[in-house]
Structures are given as C-alpha cells and as structure tokens.
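A.B. asks: pasting the sequence and the predicted coordinates here, then a few questions.
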Amino acid sequence: MNRILIAEDEERIASFVEKGLRANAFTTTVAADGDTALGYAVTGCFDLMVLDIGLPGRDGFTVLRELREARVTLPVIVLTARDSVRDTVAGLEGGADDWMTKPFRFEELLARVRLRLRTAARAPEVTVLRSGDLSLDLRTRRARAEDRTVDLTAREFVLLELFLRHPGQVLSREQILSHVWGYDFDPGSNIVDVYVRALRKKLGARRLETVRGMGYRMP
C-alpha cells in the first residue's frame, strides 16, 4: 500500500485530497506547514508527496529545494493556486516531478499520482554507492571502509558521493568546487585539496588519486 504525504495548509483541500486518496487504497498523512512536511519527507517513510507552495513556515519552494539538496528523491507533485509560467518553471527546475494548479479535478490528480508511482517503481532508488570495499549509504549518510564505519562531515559526504558517482573519471578542482561548494566559492582557494586530504586520512590514501595538473580521481 503506497504512502502519500499531503503538505497542505487549507484544511478543506487537505481533507478532500485525503479522502479521495484513501478511497483509492492509499495511506495518507497530512502536514499543515512546511517544517512538518520536510520533517516527514526526509524519513523515507513515504512514496510520494503532494505539495502546496503557499505553506506557513517553510514555503513549498523551500521544502522542495532542501529535499533535493539532501538527495531525497521522493516524487513530488506540486498542487498550488500559482499558475504563472515563472512559478511553474521554478518548481519543475527545482526538483518537482509534476505541477498542477488549483482549482483541480481529483480524477486528474489521482491519475498523476499513479503515473508518478509507476515511474518511480520502474527506476528503483540507489541508496548505497560502492567501490570495492568502500560503501556510502545515502540514507544514513554513513561510509564504511574495510568493515569499519567512517564518520563524515556534511561536505565530506557530498565530496565522497561525487567521486563514487564518477568512478575512474578525473574531476577538476573547478568541477568539485562548483558541485560541493557552489559557483560563488573562490576558485583560487585550496579547500578542495584540504578536503581530499581529509578523506584520504579517513578512508586510506589509495582511495583517491592525484592527476597532476588536472584534478583527482577515484580509481
């Protein structure tokens, strides 16, 4: 039985959506503000979220952005009164899987929910990245190397994930900076070298190779 999170602060709409989904054999939970919605969404206990943009606390755009920054791939259907092209594009580019405007017909929402669930089922989420005896659990955010657990900082986690998703590929310092720290970080900084050294110390020097004049690679 699929579990749907409904992030909606208008009680009338939340109740309408909840009753319709339950009548079609879905399990539902309602969150009336953005902070609660985000807290539920990151637990991994839901199969899809129906998300309003105009939520109190964190708004829907913020919830969506923080979800995707945390690498949570929960399918999200935005259900909102905002109908401008600008908002729609911002939502879809920000990580929403679908966008519906209010007023809406429940039959259409139900069809979109089923479609997104089928799509997600065909592409199962990768939750553990591996390279030899090194693994990184994307849910618990823990690494294991040679049967020992390795604690990572938030930046170290993102950096290690980047290398594990591009095995054998040389990543330049500029590529690493833009992915891990953002485009506004000083390109002249040695922060990449500092964090690579930290990962080598925690995981073993052989895990990351220096390609002189080019960058770093996970062999």
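C.D. replies: That came through fine. Remember, predicted model here, so these are calculated numbers, not experimental data.

A.B. asks: this protein: helices as residue ranges?
C.D. replies: All helices of the chain, identified by DSSP state H, fall at 11-23, 34-41, 60-69, 85-93, 106-122, 154-165, 173-176, 191-203.

A.B. asks: figure out which of those is closest to Asn2.
C.D. replies: Among the helices of the chain, the nearest to Asn2 by CB to CB is helix 106-122 (5.7 Å). Backbone N, C-alpha and C define where each C-beta goes, glycine included.

A.B. asks: hmm, who's touching that closest one?
C.D. replies: Residues outside helix 106-122 that contact it (CB atoms under 8 Å, 6 or more residues apart in numbering) are 2, 4, 16-17, 20-21, 24, 26, 47-48, 50, 75, 77, 79, 97-98, 100.

A.B. asks: would you agree Asp147 is in contact with Leu134?
C.D. replies: No - counting by CB atoms under 8 Å, Asp147 stays clear of Leu134, with 10.8 Å between them.

A.B. asks: the more surrounded of the two?
C.D. replies: More crowded of Asp147 and Leu134, by other CB atoms under 10 Å: Leu134, with 19 against 6.

A.B. asks: gap between that one and Glu209?
C.D. replies: According to CB to CB, to the nearest Å, Leu134 and Glu209 sit 14 Å apart.

A.B. asks: and if you look at Glu18?
C.D. replies: 53 Å.

A.B. asks: looking at these two, which is more packed in?
C.D. replies: Between Glu18 and Glu209, counting by other CB under 10 Å, Glu18 is the more crowded of the two (18 against 13).

A.B. asks: burial measure for the nearest residue to the more buried one once chain neighbours are set aside, as a count.
C.D. replies: Of all residues not flanking Glu18 in the chain, Thr28 sits nearest, at 4.8 Å (CB to CB, 6 or more residues apart in numbering). Look at Thr28: counted by other CB under 10 Å, it has 18 neighbours.

A.B. asks: thought Thr28 was touching Arg22?
C.D. replies: Yes - Thr28 is within contact range of Arg22, at 5.8 Å (criterion: CB under 8 Å).
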